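Peer 1: Requesting a structural model of the entry that follows:
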Amino acid sequence: MTEDKQQLQNFLDIATEAVLRAGVVLKDHWGNLKAIEEKGGGGDLVTEVDKKSEAVVLQVLRDRVPHHPILAEESGQLGKTENSEYLWAIDPLDGTTNYAHNYPVACISVALLINGKPCVGAIYNPFRNELFRAALGLGATLNYRPIRVSSTATLSNSLLASGFAYDRRETLDNNYAEFCYLTHLTQGVRRAGSAALDLAAVACGRFEGYWERGIKPWDIAAGIILVEEAGGRVTAYDGSPFVMNSGRILATNSHIHSSLSRALLDTPPLDQWAKGIPQ
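Peer 2: Numbers count the residues shown, from 1 in each chain. Modelled structure (predicted):
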């Protein structure tokens with residue numbers, strides 16, 4: 001292993017330590033929440049567990065890489081990004097609404113971006129004891145075993161995942177039409193409520209593709225490197241290079257990428273569904 005790869009492995013081990021420690025917090029508070037708040041309206045929830053989990057991740061990073069800047073969902077920007085090639089992106093509890101309702105689809109996601117590109121990622125779902133890890137050039141694993149995207153080559157044989165942004169009640173650009181249309185064209189679309197776990201599922205072949213709008217860097221950074229290292233592809237909706245702060249992502253097993261991209265761009269307006277199923 002080259003020195004660069006050894007450094008990436010060290011960063012991956014740090015991310016792993018962070019998500020595993022935070023996973024203890026999620027399990028310890030399961031079913032015993034004392035405070036559930038709404039931030040910014042629209043049903044975007046935050047609990048004391050989000051904050052406690054984030055504190056654990058931040059402590060690990062401060063101990064291991066004290067000079068690296070951090071972008072955390074609850075704490076925002078920490079440290080100076082100027083003249084630093086590194087940025088850690090943290091989602092301490094992806095799937096807060098699920099967690100608040102005792103629905104065990106939630107995880108911790110920790111990623112390292114180097115010069116703006118996700119290069120290291122760890123995602124841990126403590127309720128299924130599933131640890132996803134990946135680093136640039138080192139491959140992707142589930143519980144330390146290599147994973148690959150699926151080989152399904154047609155949209156009609158695919159199972160997809162997606163979600164809805166918190167502003168879905170205030171905008172017509174809310175993903176409803178796309179969700180209906182892709183459900184019609186495929187074997188189904190699932191909405192689990194965790195972008196990180198959706199991307200991890202693409203990486204290990206459970207889903208063929210995933211798309212979403214209104215997402216933040218901390219939601220998807222770790223999942224992106226997982227998908228790419230597992231042989232998948234990540235772009236904008238139209239197939240152009242992905243932009244981290246764009247809020248829109250398309251991730252697939254690569255085989256259905258063009259057809260899924262085309263379907264997203266060709267989705268009929270939602271009002272047409274009242275007149276019959278668009279072909």
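
Peer 1: What strands line up against the helix or strand containing Ala251, and which way round?
Peer 2: Per DSSP states H and E: Ala251 is located in strand 248-252. As defined by DSSP bridges, the strand partners of strand 248-252 come to strand 209-213 (antiparallel), strand 233-235 (antiparallel).

Peer 1: Could you export those as a markdown table, including distance to Val57 and mean neighbour count?
Peer 2: Bear in mind the C-beta positions are built from the backbone N, C-alpha and C, glycine included. A markdown table is the format used below for those (distance: least, C-beta to C-beta, whole Å; neighbours: other C-beta atoms under 10 Å):
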| stretch | distance to Val57 | mean neighbour count |
| --- | --- | --- |
| strand 209-213 | 23 | 26 |
| strand 233-235 | 23 | 20 |
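
Peer 1: possible to save those strands as a markdown table with distance to Ala15?
Peer 2: Below are the strands paired with strand 248-252 laid out as a markdown table (distance: least, C-beta to C-beta, whole Å):
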| stretch | distance to Ala15 |
| --- | --- |
| strand 209-213 | 21 |
| strand 233-235 | 19 |
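
Peer 1: TSV for these, including distance to Phe179 and mean pLDDT?
Peer 2: Shown next, in TSV, are those (distance: least, C-beta to C-beta, whole Å; pLDDT from 0 to 100):
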stretch	distance to Phe179	mean pLDDT
strand 209-213	10	97
strand 233-235	19	98
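
Peer 1: all strands for the stretch 1-150 of the chain, in order.
Peer 2: 36-38, 45-47, 70-72, 76-78, 86-94, 107-114, 117-125, 130-135, 139-142, 145-146 (DSSP state E, counting those that start in this stretch).

Peer 1: For the helix or strand just after the last one, which helices and strands make contact with it?
Peer 2: Going back to what we said before, that points to strand 145-146. Next in sequence after strand 145-146, counting helices and strands by DSSP H and E, comes strand 159-161. Strand 159-161 sits against strand 188-190, helix 195-203, strand 209-213, with contacts defined as 3 or more C-beta pairs under 8 Å, 6 or more residues apart in numbering; DSSP states H and E.
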